[in-house]
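Student: The following block contains a protein sequence and its predicted model.
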Amino acid sequence: MKQVKIYLMLIGFAVFTGMTFNLAKYAVAFLTPSHVAAWRFGIAGVVMIGVLFFKEGLQLSSLKQNALWYIIIGVIGIFGFNTFFFLGMNHTSPVNGSLIMALNPLVTTIFARLILKDKIHKNGVIGIFFGFTGVLFVLTKGSLSTFTHLSFSIGDLFLFAGNLCWALYGVLSRRFIKNGTALSTTTYTMVAGAIGLIIMSAFTASESSVSVPIGVWGAVIFMALFTTVLGYLWWNRGMKKLGATKTSLFFNLVPIVTMLTSVWSGIPITLVQVGGTVLVILGVLVSSGAITFSSMEERKMQKCIS
């Protein structure tokens, strides 16, 4: 019964995250990307401080020990990621955005190998191949000439840069944060990144809030409370109870939710995007070990053992 509750939480995470791409596309049509990001993480940062205070205390010893790295990682993973994310969503489709971000587990695997010296198994290599092929398929719209002439959408490139920032966020946290819990690390890096986003938004011209529809503020609050706060808490609950492999599989639902939300919103999707989605999901499934490719010798050995 407890596992069913965890599964429902992770499905909720995938639904909230998948909806975020459409909500972000809607919000940046009325507010600048920097203001949307500042509002989202300013609200989420305040809420997360409250959550940390009531669940673990403020962890001041960890803050003192890791202050510099909290700032560095917050600038990269929160400020950098969200700057590129909202800039990208201003120039590309929600489906493309979700597909590019769905590559994150594979990009993280590469950075983990380079920075943490983690081993990459055969399935990881095959998964990375499928994942990158799927994203390139979407970026080039299935055209080889697009790839050879590097005529990618600027929004797609912004999203990929954001993906790199988010992958570095997780890897650098594992490498450099000492004696900090997952909740305290996320809270303090989120606050550091939010401060950067707020400062940047202060120097960015914005439209008058009077002309902004109430639905835009609803979208910002939804992204802050549900995608950022609840999504994080539920994701980490799954990591603790089910482990990284099983939990990561739920990220595969994100592009599907984004596609369904796009169709519901009247935004058409293409066969190229569908094909890219299949390849990206296949790549993550293979990389996580849900689908395995064993050699002939391995199959013979398994048959003899059985």
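Tutor: Looks like it arrived, so ask away.

Student: Point to the residue nearest the middle of the chain.
Tutor: residue 101 (5.6 Å; Cα atoms, centre = their mean).

Student: Tell me who's in contact with it.
Tutor: Shown in contact with residue 101 (Cβ atoms under 8 Å, 6 or more residues apart in numbering): 21, 159, 162-163, 166, 254. C-beta coordinates here come from the backbone N, C-alpha and C atoms, glycine included.

Student: Name the residues of the top helix by length along the chain that are buried.
Tutor: Selection of the longest helix in the chain by residue count, based on DSSP state H, yields helix 2-27. By 16 or more other Cβ atoms under 10 Å, the buried positions in helix 2-27 come out as 6, 9-10, 12-27.

Student: Secondary structure element for residue 196, which one?
Tutor: helix 182-202 (DSSP states H and E).

Student: Distance from that helix to the middle of the chain?
Tutor: 16 Å (Cα atoms, centre = their mean, to the nearest Å).

Student: Output the next helix-or-strand element following that helix in PDB with nothing but the alpha carbons.
Tutor: For helix 182-202, the following helix or strand on the C-terminal side (DSSP H and E) is helix 214-222. Extracted as PDB, the C-alpha positions of helix 214-222 are listed here (Å, rounded to 0.1, in the frame of the first residue of the first chain):
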ATOM      1  CA  ILE A 214      -4.500  36.300 -14.100                       C
ATOM      2  CA  GLY A 215      -3.900  33.000 -15.700                       C
ATOM      3  CA  VAL A 216      -0.200  33.800 -16.100                       C
ATOM      4  CA  TRP A 217       0.200  34.400 -12.400                       C
ATOM      5  CA  GLY A 218      -1.600  31.100 -11.800                       C
ATOM      6  CA  ALA A 219       0.900  29.400 -14.100                       C
ATOM      7  CA  VAL A 220       3.800  30.900 -12.200                       C
ATOM      8  CA  ILE A 221       2.400  29.900  -8.800                       C
ATOM      9  CA  PHE A 222       1.700  26.400 -10.100                       C
END
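
Student: For the following helix or strand past helix 214-222, buried residues please.
Tutor: Under the assignment DSSP H and E, the closest C-terminal helix or strand after helix 214-222 is helix 231-242. For helix 231-242, the neighbour count (16+ other Cβ under 10 Å) marks 231-238, 241-242 as buried.

Student: tell me the angle helix 231-242 makes with helix 2-27.
Tutor: Helix 231-242 and helix 2-27 are oriented at 150 degrees to each other (axes from the mean of the first three to the mean of the last three Cα atoms, to 10 degrees).

Student: so what does helix 231-242 touch, helix or strand wise?
Tutor: Where contact means 3 or more Cβ pairs under 8 Å, 6 or more residues apart in numbering; DSSP states H and E, helix 231-242 is packed against helix 2-27, helix 182-202, helix 244-248.

Student: any idea how far it is from the chain center?
Tutor: Counting by Cα atoms, centre = their mean, helix 231-242 comes out at 14 Å from the chain centroid.

Student: Make 52 the first number, not 1, from now on.
Tutor: Okay, using 52 as the starting number, the last item reads as helix 282-293.

Student: contacting residues for residue 124?
Tutor: 220, 223-224, 227-228, 240, 243.

Student: circling back: I'd like the mean pLDDT over the longest helix of the chain, please.
Tutor: When pLDDT is averaged over helix 53-78, the result is 86.

Student: likewise stretch 213-229?
Tutor: The model assigns stretch 213-229 a mean pLDDT of 87.

Student: got a markdown table for the contacts of residue 124, with secondary structure and distance to residue 115 too?
Tutor: Converted to a markdown table, the contacts of residue 124 look like this (DSSP: H, G, I helix; E, B strand; the rest coil; distance: Cβ to Cβ, whole Å):
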| residue | secondary structure | distance to residue 115 |
| --- | --- | --- |
| 220 | helix | 21 |
| 223 | helix | 19 |
| 224 | helix | 17 |
| 227 | helix | 15 |
| 228 | coil | 13 |
| 240 | helix | 15 |
| 243 | helix | 14 |
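
Student: which among those residues end up buried?
Tutor: Buried members of those, scored by 16+ other Cβ under 10 Å, are 220, 223-224, 228, 240, 243.

Student: Quick check: residue 230 vs residue 68, distance?
Tutor: 29 Å (Cβ to Cβ, to the nearest Å).

Student: elements contacting the helix or strand harbouring residue 104?
Tutor: Assessed by DSSP H and E, residue 104 sits inside helix 84-106. The contact analysis (3+ Cβ pairs under 8 Å, 6+ apart) places helix 84-106 against helix 132-140, helix 233-253, helix 265-273.

Student: need the contact list for the closest residue in space to residue 99 that isn't next to it in sequence.
Tutor: Leaving aside its chain neighbours, residue 99 sits nearest to residue 238 (4.4 Å; criterion: Cβ to Cβ, 6 or more residues apart in numbering). Contact analysis of residue 238 by Cβ under 8 Å, 6+ apart lists 96, 99-100, 102-103.
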